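Novice: I'll drop the sequence and a predicted model, then ask my questions.
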Amino acid sequence: MNYEIIKKPKCEDFPKRPNLDDYEGMRAGFRWEDIHKELDFLPGGCLNLAYEAIDRHLKTDKKDRVALIWDGRHETKERYTFSDLSRLTNQFANVIGSLGVKKGDRVFTYLDRVPELYISIIGIVKAGAVVGPLFSAFGTEAIKDRLIDSGAKVLITCPELLDNVYAVKKDLPALEHIIVVNKHNVPYTPKEGEIAYERAMAEASSEYQICQTDKEDFCIMHYTSGTTGKPKGAVHVHEAIVGHYATAKYVLDLHPDDIYWCTADPGWVTGTSYGIFGPWSNGVTQLVTEVGFTVHHWYELIARHRVTVWYTAPTAIRMLMKYGEKETKKHDLSSLRHINSVGEPLNPEAVDWSKQVFRTAFHDNWWQTETGCIQIANYPVQDIKPGSMGRPFLGVRPAIMNTDISEELSAGEEGNLCLKYPWPSMFRTYWNKKELYESRFKNGWYITGDRAWRDEEGYFVFVGRADDVINVAGHLVGPFEVESALVEHEAVAEAAVIGVPDPVRMEVVKAFVSLREGYEASQHLKLEIKQFVAKKLDANAAPKEIEILPTLPKTRSGKIMRRLLKARELGLPEGDTSTLEE
Ligand code: AMP
């Protein structure tokens, strides 16, 4: 951390007094139970995430406030108040209720960022079912794995993605219903068994009694990648709202009249914790755009909607930096008050740059799918040390632990980043993988899988992953998942995948493959293999580079040595190669 510290003004000098106005003092006296008092709960002490996000505002003057500003493709623009969302999500809860969805059933979404995605997610949670949002850029294999593992009963999708669904449907015996949202009125003839969203909603009542869920009932699951095996579903409970609400208030510093924009897709945990539940439980208006990233469009959106609080990711920030300050000058970005980043390490240059061009620096923060909400952060009132993810959130106790998680290391020493548990928004299991879940805990600590160190003042610095998981533009890619897709290609005999550093996307996937008899290495074949993986998984997981080797290095027991390939690729020491096959 050799960069100059960004000094923060006193609370009184902020245009709007930060919600967290005394970090040390509030941390000392903080109890999660006190946050409960700011939530409403259902009669009988029940807690429902959807109620806290939407319906509780109907009792206040927030009911007519715009909750969702939607900026769609083809210049479509829509606005929904909290009352509108309450009514529509009631209708949707009735729609799935009429299909026989019961408490605990899994109901998945596979949709672009249209208002109906948000309505479905909230409606599913109201019904007491477990929602699984799938990233709409996922290919056939990626959706198949997740739908099989979760045993999803209903899928909400759109005509544009139906081909992918039908390509794997025969492998999904648990899938009983497909609801189709035709937002863009594309010509399409519904197949037997499909339910048209628009029609079902028109027939559904807007009266609904929200399911009396307990705070420990499952409500949302997000799949995340590990080193081995297929992606695993991290399951969260209704109590997670306590963490969403508190961190949105104190880290994102949301105030009632903010216009907030989270650029993450609900297919990833940031897109639900902070693209749905955090802001809406705070009664704040949020912007959603259906359109992907372009520099002009992003700045234009901020300017047009007068966005005040922005939550994005380092890859996007680095892309904005590439276009430089000149591009920022073309737009009025003066509305931005507080800007935040997550998902990958935020390089100090990006912090410095943002301070110059937006007059406020990006505040990096750290968390994971498993943690459910932000754990370590930079705050409006705390000095920023560029290159650091910041200090622990109120009520969060991280530590740097030694190899066997028995001893806490001192300041300056690198080790395993662990968190003292429990906390309200932590995952409660990996779906169908209890043992794997349990393996993440030891001696009272949750093991995050990241390596880090902290300084004397308690600022944490990310070092890297402790495992082979690859972070491509903030999206974790499991090497095993990519290797499985690669070997399904007819030309590929064996495959190993590593992450290699990339100046914009943090890492990209590099694959080493050996070919089956009868196949010749060629540029054309490499391109074909890349496209094959992109179609099965998604563009992030597709190898940027493929190297064809006669054979891959293996241990004597036949395990491909990814680490050796990585060391060779990056020119690092090869380490112990005594187990290498002759
Ligand atoms: P995910 O579960 O997909 O949200 O990914 C979580 C992982 O992303 C963490 O375990 C880190 O490896 C990485 N990550 C998230 N935020 C940061 C950050 N601010 N700095 C460095 N790495 C991060």
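Specialist: Structure received.

Novice: which residues in the stretch 101-250 of the chain form helices?
Specialist: With helices called from DSSP state H, counting those that start in this stretch, the stretch 101-250 of the chain shows them at 115-126, 140-150, 162-168, 197-203, 240-250.

Novice: quick one: average pLDDT of the second one?
Specialist: Which is helix 140-150. Helix 140-150 carries an average pLDDT of 97.

Novice: Determine the set of other helices and strands touching it.
Specialist: Packed against helix 140-150 by the contact rule (3 or more CB pairs under 8 Å, 6 or more residues apart in numbering; DSSP states H and E) you find strand 106-110, strand 130-134, helix 162-168, strand 218-224, strand 232-237, helix 479-487, helix 523-536. In short, each C-beta sits where N, CA and C put it, glycine included.

Novice: hmm, who's touching it?
Specialist: 106, 108, 110, 130, 132, 134-135, 138, 152, 155, 164-165, 167-168, 171-172, 174-175, 221, 223, 230-233, 431-432, 481, 484-485, 488, 535-538, 541 (CB atoms under 8 Å, 6 or more residues apart in numbering).

Novice: If any of these are buried, give me the PyMOL selection for them.
Specialist: Command for PyMOL that selects the buried part of the contacts of helix 140-150, burial taken from 16 or more other CB atoms under 10 Å:
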select buried, resi 106+108+110+130+132+134+135+138+152+155+164+165+167+168+172+175+221+223+230+231+232+233+431+481+484+485+535+536+537+538+541
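
Novice: The helices and strands packed on helix 140-150: which one's closest to the ligand?
Specialist: Between the ligand and those, the shortest gap by CB to the nearest ligand atom is with strand 218-224, which sits at 4.8 Å.

Novice: in the closest one, what's buried?
Specialist: For strand 218-224, a neighbour-count test (16+ other CB under 10 Å) marks 218-224 as buried.

Novice: and the end-to-end length of stretch 50-70?
Specialist: 19 Å (CA to CA, to the nearest Å).

Novice: Next up, the contacts around the nearest residue to Y197 once chain neighbours are set aside.
Specialist: In space, and not counting its chain neighbours, Y197 is closest to V181: 4.2 Å by CB to CB, 6 or more residues apart in numbering. Neighbouring residues of V181 by CB under 8 Å, 6+ apart: 111, 114, 116-117, 120, 156-158, 197-198.

Novice: show me what contacts F218?
Specialist: Counting by CB under 8 Å, 6+ apart, F218 has contacts 104, 130, 235-237, 428.

Novice: could those go into CSV alongside pLDDT and distance to the ligand?
Specialist: CSV is the format used below for the contacts of F218 (pLDDT from 0 to 100; distance: CB to the nearest ligand atom, whole Å):
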residue, pLDDT, distance to the ligand
G104, 98, 24
V130, 98, 18
V235, 98, 14
H236, 98, 12
V237, 98, 17
R428, 98, 16
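
Novice: From those, list just the buried residues.
Specialist: So, by 16+ other CB under 10 Å, the buried ones in the contacts of F218 are 130, 235-237, 428.

Novice: so where's the stretch 451-582 of the chain shaky on pLDDT?
Specialist: In the predicted model of the stretch 451-582 of the chain, residues 576-582 satisfy pLDDT under 70.

Novice: That should have said the stretch 251-400 of the chain, apologies.
Specialist: Scanning the stretch 251-400 of the chain for pLDDT under 70 picks out no residues.

Novice: residues in it within reach of the ligand, list them.
Specialist: Contact residues (CB under 6 Å from any ligand atom) of the stretch 251-400 of the chain with the ligand: 269, 342-345, 364-366, 368-369, 389.

Novice: can you put those residues in CSV and add secondary structure?
Specialist: Below are those laid out as CSV (DSSP: H, G, I helix; E, B strand; the rest coil):
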residue, secondary structure
V269, helix
V342, coil
G343, coil
E344, coil
P345, coil
D364, strand
N365, strand
W366, strand
Q368, coil
T369, coil
M389, coil
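
Novice: farthest-separated two in the buried residues of strand 218-224?
Specialist: Pairwise distances across those (CB to CB) peak at 16.9 Å, for the pair C219 and T224.

Novice: ok, now which ones touch Y299?
Specialist: Contacts of Y299 (CB under 8 Å, 6+ apart): 327-328, 330-331, 333.

Novice: Restricted to helices, list those residues.
Specialist: For those, the ones inside helices are 327-328, with DSSP state H as the criterion.

Novice: Give me the buried subset of the contacts of Y299.
Specialist: Of the contacts of Y299, these count as buried by 16+ other CB under 10 Å: 327-328, 331, 333.

Novice: do you know which of the helices of the stretch 101-250 of the chain lies nearest the ligand?
Specialist: helix 240-250 (13.3 Å).

Novice: Return the list of helices and strands in contact with the closest one.
Specialist: The helices and strands touching helix 240-250, judged by 3+ CB pairs under 8 Å, 6+ apart, are helix 32-36, helix 49-53, helix 278-281.

Novice: do that helix and the ligand meet?
Specialist: No. Remark: helix 240-250 sits outside contact range of the ligand, by CB under 6 Å from any ligand atom, the gap being at least 13.3 Å.

Novice: List the strands paired with the helix or strand just after that helix, with their directions.
Specialist: Counting by DSSP states H and E, the element after helix 240-250 in chain order, helix or strand, is strand 259-262. According to DSSP bridges, strand 259-262 forms sheet pairs with strand 285-289 (parallel), strand 309-312 (parallel).

Novice: Go ahead and name everything in contact with the first one.
Specialist: Strand 285-289 is contacted by residues 65-72, 113, 115, 118, 258-262, 275, 279-280, 297, 301, 305, 307 when judged by CB under 8 Å, 6+ apart.

Novice: quick revisit: highest average neighbour count across the strands paired with strand 259-262?
Specialist: Highest mean neighbour count among those (mean count of other CB atoms under 10 Å): strand 309-312, with a mean of 25.

Novice: Could I get the CA-only coordinates of it as PDB?
Specialist: Output in PDB follows, covering the C-alpha atoms of strand 309-312 (Å, rounded to 0.1, in the frame of the first residue of the first chain):
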ATOM      1  CA  VAL A 309     -24.900   6.200  -5.200                       C
ATOM      2  CA  TRP A 310     -23.200   3.700  -7.500                       C
ATOM      3  CA  TYR A 311     -22.100   0.100  -6.900                       C
ATOM      4  CA  THR A 312     -19.900  -1.500  -9.600                       C
END
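
Novice: And the contacts of it?
Specialist: In contact with strand 309-312 (CB under 8 Å, 6+ apart) are residues 252-254, 258-264, 270, 274, 302, 336-342.

Novice: please redo it, this time with the cut-off set to 6 Å
Specialist: The contact list for strand 309-312 (CB atoms under 6 Å, 6 or more residues apart in numbering) reads 252, 258, 260-263, 274, 338-340.

Novice: what residue ranges in the stretch 1-150 of the chain score low on pLDDT?
Specialist: Within the stretch 1-150 of the chain, the ranges that satisfy pLDDT under 70 run 1-2.

Novice: circling back to that earlier point, the contacts of V181 into CSV, with extra columns for neighbour count and distance to the ligand?
Specialist: Formatted as CSV, the contacts of V181 follow (neighbours: other CB atoms under 10 Å; distance: CB to the nearest ligand atom, whole Å):
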residue, neighbour count, distance to the ligand
L111, 27, 20
V114, 21, 23
E116, 24, 25
L117, 26, 19
S120, 29, 22
I156, 29, 23
T157, 23, 23
C158, 24, 24
Y197, 22, 29
E198, 12, 33
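
Novice: For P115, which non-adjacent residue is closest in space?
Specialist: Closest to P115 by CB to CB, 6+ apart is W70, at 5.0 Å.
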